[in-house]
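J.: Pasted the sequence and its predicted model underneath.
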Amino acid sequence: MPIGEFGGAPPLAAEGSPVLTTPMYWMYEMAHASLNPARAVTDATKLLFQNPLNPWARTEVGKSVAAACELFERTTRRYGKPEWGLDDTEVNGIRVPVEIRSVWEKPFCRLLYFDRKFTRPLRSPQPRVLIVAPMSGHYATLLRGTVEAFLPAHEVYITDWADARMVPLSEGRFDLDDYIDYIIEMLHVLGGNTHVMAVCQPSVPVVAAVSIMEARRDPFVPTSMTLMGGPIDTRRNPTGVNDLAQQRGIDWFRNHVITKVPFPHPGMMRDVYPGFLQLNGFISMNLDRHMDAHKQLFANLVKGDGDLVDKHRDFYDEYLAVMDLSAEYYLQTVDTVFVKHSLPKGEMTHRGTLVDPSKVTRVALMTVEGENDDISGLGQTEATHGLCSSIPDHRRVHYVQKGVGHYGVFNGSRFKSEIVPRIHDFMVSAANPSSLQALAAE
């Protein structure tokens with residue numbers, strides 16, 4: 001889970017007036033409100049210089065003015081939750097429609113099911129996959145490509161985490177223990193014979209949930225567990241993200257990045273780690289690249305290169321859409337995973353009970369890492385195999401994808417062509433020990 005580098009973020013004032021306890025969020029909201037008149041003028045100017053009846057619209061000056069207006073609008077906009085846009089998929093060479101519906105819901109999460117509407121039943125059932133999306137600033141739609149790649153050969157479910165600023169304070173807290181409880185409840189709802197796949201940050205709570213279920217001899221324990229680019233042991237090959245947590249310590253994060261949701265959001269006065277700070281952390285890690293991308297957007301708008309403009313819009317509509325995280329969850333995760341390394345040290349607890357991955361015996365394990373991952377360093381996810389020591393060797397697989405970074409572990413061309421087929425084979429073979437033994441030997 002990227003933490004981001006916030007440098008000189010202002011410390012919060014002591015508890016008291018809402019205005020005094022929420023300076024960051026209040027200033028953020030006021031900044032957005034103050035830009036509304038300028039945005040209205042800019043939108044009107046853009047329409048004027050794109051109007052075909054305006055002779056300036058076809059000139060270099062007119063195109064530049066319209067491009068500058070769009071750039072201003074996009075850099076000052078508040079981006080809402082993106083749509084999934086997965087209306088159909090191809091199964092066995094046939095296009096079938098997809099209906100997305102919620103099959104389980106609690107205040108901080110919905111379980112979405114991508115229901116493929118077949119005209120005739122499949123000859124044999126396909127693996128049922130619960131994708132646990134990261135709760136680290138972006139919406140679950142960031143995994144659109146992941147879902148799309150699995151839909152042709154899998155029955156897909158995904159966690160759709162809620163924006164904490166939209167959850168009323170009356171709904172109570174949400175922390176890492178609740179996160180683990182949610183995963184266990186969702187596996188119960190799915191009723192067994194399910195493969196769970198954690199993308200990045202959820203790797204730790206998924207391992208904890210499966211360990212707890214195994215210790216209880218839970219009949220709904222998943223058939224297999226796939227962890228992708230997860231920070232299981234951040235002491236291995238530490239990245240800048242890991243070093244930041246160690247240098248700052250949990251008190252720094254509590255004092256500098258936690259604030260209260262202001263009016264008029266439904267979650268008013270809830271303690272959160274705001275999405276705009278997380279976005280600041282994301283962008284600051286590759287600031288030059290983002291600046292160059294927006295310069296190129298301006299040039300492409302002036303040239304009228306629609307394809308490149310649409311690609312930029314699609315990417316940044318997703319990338320700039322962020323959500324707030326519950327402060328309890330965020331701080332507990334940073335402390336447990338990045339500061340104390342509780343899971344690999346054997347010290348992690350869930351509601352007072354020790355989390356013991358060595359209890360995992362019935363669940364097959366696959367770990368996937370990217371060779372150039374700068375968020376979860378090489379070896380951090382692989383460490384799971386040492387913790388889950390009771391899983392037989394023939395029921396465990398580790399794979400390193402060459403030439404990809406963190407994002408490439410769960411999205412992109414190499415993910416679709418090289419990683420997805422391996423995960424599919426692993427899941428299909430998980431219930432067949434002899435097949436899985438052959439797969440592990442590859």
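T.: Okay, I see it.
J.: Leaving out chain neighbours, which residue sits closest to residue 428?
T.: Nearest residue to residue 428 in three dimensions, chain neighbours excluded: residue 127, at 6.2 Å (Cβ to Cβ, 6 or more residues apart in numbering). Yep, even glycine has a C-beta here, placed from its N, CA and C like the rest.
J.: my read: the one you found touches residue 195, true?
T.: Yes - the pair residue 127 / residue 195 is scored as a contact, 5.5 Å apart, by Cβ atoms under 8 Å.
J.: got any residues that touch both of these two?
T.: The contact sets of residue 127 and residue 195 overlap at residue 427 (Cβ atoms under 8 Å, 6 or more residues apart in numbering).
J.: Same drill for these two, tell me which one is more crowded.
T.: More crowded of residue 127 and residue 195, by other Cβ atoms under 10 Å: residue 195, with 27 against 21.
J.: quick one, phi psi at the more buried one?
T.: The phi and psi values for residue 195, taken as degrees, to the nearest 10, are phi -100, psi 130.
J.: wait, it sits on residue 132?
T.: No - Residue 195 is beyond contact range of residue 132, at 11.2 Å (criterion: Cβ under 8 Å).
J.: So for this structure, the centremost residue is which one?
T.: Centroid-nearest residue in the chain, with Cα atoms, centre = their mean: residue 134, separated by 3.2 Å.
J.: give me the element the nearest residue in space to that one that is not next to it in sequence is part of.
T.: Among residues not flanking residue 134 along the chain, residue 201 sits closest, at 4.4 Å (Cβ to Cβ, 6+ apart). If you go by DSSP states H and E, residue 201 is not part of any helix or strand.
J.: those helices in the stretch 1-150 of the chain, which residues are they?
T.: For the stretch 1-150 of the chain, the helices defined by DSSP state H, counting those that start in this stretch occupy 18-21, 23-34, 36-50, 60-76, 144-150.
J.: now, of these, which is deepest in the fold?
T.: Among the helices of the stretch 1-150 of the chain, helix 144-150 has the highest mean neighbour count (mean count of other Cβ atoms under 10 Å), at a mean of 21.
J.: which helices and strands sit right next to that one?
T.: When contacts are defined as 3 or more Cβ pairs under 8 Å, 6 or more residues apart in numbering; DSSP states H and E, helix 144-150 packs onto strand 128-132, strand 155-161, helix 420-429.
J.: Show me the one of these that comes nearest residue 325.
T.: strand 155-161 (8.6 Å; Cβ to Cβ).
J.: one step back: phi and psi next, for the residue nearest to residue 428.
T.: Backbone torsions of residue 127, given as degrees, to the nearest 10, read phi -60, psi 140.
J.: separation between it and residue 330?
T.: Taking Cβ to Cβ, to the nearest Å as the measure, residue 127 falls 32 Å from residue 330.
J.: and what of residue 307?
T.: Using Cβ to Cβ, residue 307 is found at 38 Å from residue 330.
J.: Same question for residue 132.
T.: Distance from residue 132 to residue 330, by Cβ to Cβ: 17 Å.
J.: ok, now residue 94?
T.: Taking Cβ to Cβ, one finds residue 94 at 44 Å from residue 330.
J.: Mind checking which of those two has more residues around it?
T.: Each of residue 94 and residue 330 has its neighbours counted (other Cβ under 10 Å); residue 330 has more, 28 against 10.
J.: So for the more buried one, what's the pLDDT?
T.: We have a pLDDT of 94 for residue 330.
J.: so how far is residue 161 from the residue nearest to residue 134?
T.: Taken as Cβ to Cβ, the span from residue 201 to residue 161 is 11 Å.
J.: what is in contact with those two at once?
T.: Counting by Cβ under 8 Å, 6+ apart, the contacts common to residue 201 and residue 161 are residue 135.
J.: if we can go back for a sec, need the helices and strands packed on helix 144-150 in CSV with mean neighbour count, can you?
T.: Shown next, in CSV, are those (neighbours: other Cβ atoms under 10 Å):
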stretch, mean neighbour count
strand 128-132, 24
strand 155-161, 24
helix 420-429, 20
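J.: Nearest to residue 247, out of the ones you listed?
T.: Closest approach to residue 247 among the helices and strands packed on helix 144-150 is made by strand 155-161 (28.0 Å; Cβ to Cβ).
J.: pLDDT of that closest one, averaged?
T.: Strand 155-161 comes out at a mean pLDDT of 97.
J.: now do stretch 43-52
T.: Rounded mean pLDDT across stretch 43-52 is 91.
J.: related to what we said a few turns ago, nearest to residue 326, of the helices of the stretch 1-150 of the chain?
T.: Nearest to residue 326 among the helices of the stretch 1-150 of the chain is helix 23-34 (14.4 Å), distances taken as Cβ to Cβ.
J.: So which elements touch the closest one?
T.: Judged by 3+ Cβ pairs under 8 Å, 6+ apart, the packing partners of helix 23-34 are strand 259-260.
J.: Given the next helix or strand after the strand it packs on, what are its sheet partners and their directions?
T.: Next along the chain after strand 259-260, taking DSSP H and E as the criterion, comes strand 271-273. Here strand 271-273 is paired, per DSSP bridges, with strand 259-260 (antiparallel), strand 325-326 (antiparallel).
J.: Distance from strand 271-273 to the middle of the chain?
T.: Distance of strand 271-273 from the chain centroid (Cα atoms, centre = their mean, to the nearest Å) equals 17 Å.
J.: Would you indicate which residues of the following helix or strand past that strand are buried?
T.: Where DSSP H and E defines the elements, the next helix or strand beyond strand 271-273 is helix 275-285. For helix 275-285, a neighbour-count test (16 or more other Cβ atoms under 10 Å) marks 275-282, 285 as buried.
J.: for those residues, which one is nearest residue 110?
T.: Among those, and counting by Cβ to Cβ, the member closest to residue 110 is residue 275, at 18.3 Å.
J.: From residue 58, how far out is the closest one?
T.: Per Cβ to Cβ, residue 275 is found 40 Å from residue 58.
J.: quick revisit: next up, the contacts around the residue nearest to the centre of the chain.
T.: Contacts of residue 134 by Cβ under 8 Å, 6+ apart are 1, 142, 199-202.
J.: immediately after the helix or strand containing residue 386, which helix or strand?
T.: According to DSSP H and E, residue 386 maps onto helix 384-387. Per DSSP H and E, the first helix or strand lying C-terminal to helix 384-387 is strand 396-401.
J.: ok, back up a step: residues in contact with the residue nearest to residue 428?
T.: 153-155, 195, 424, 427-428.
J.: What pLDDT is listed against it?
T.: pLDDT, residue 127: 93.
J.: Could you report the distance from it to residue 106?
T.: Residue 127 sits 25 Å away from residue 106, going by Cβ to Cβ.
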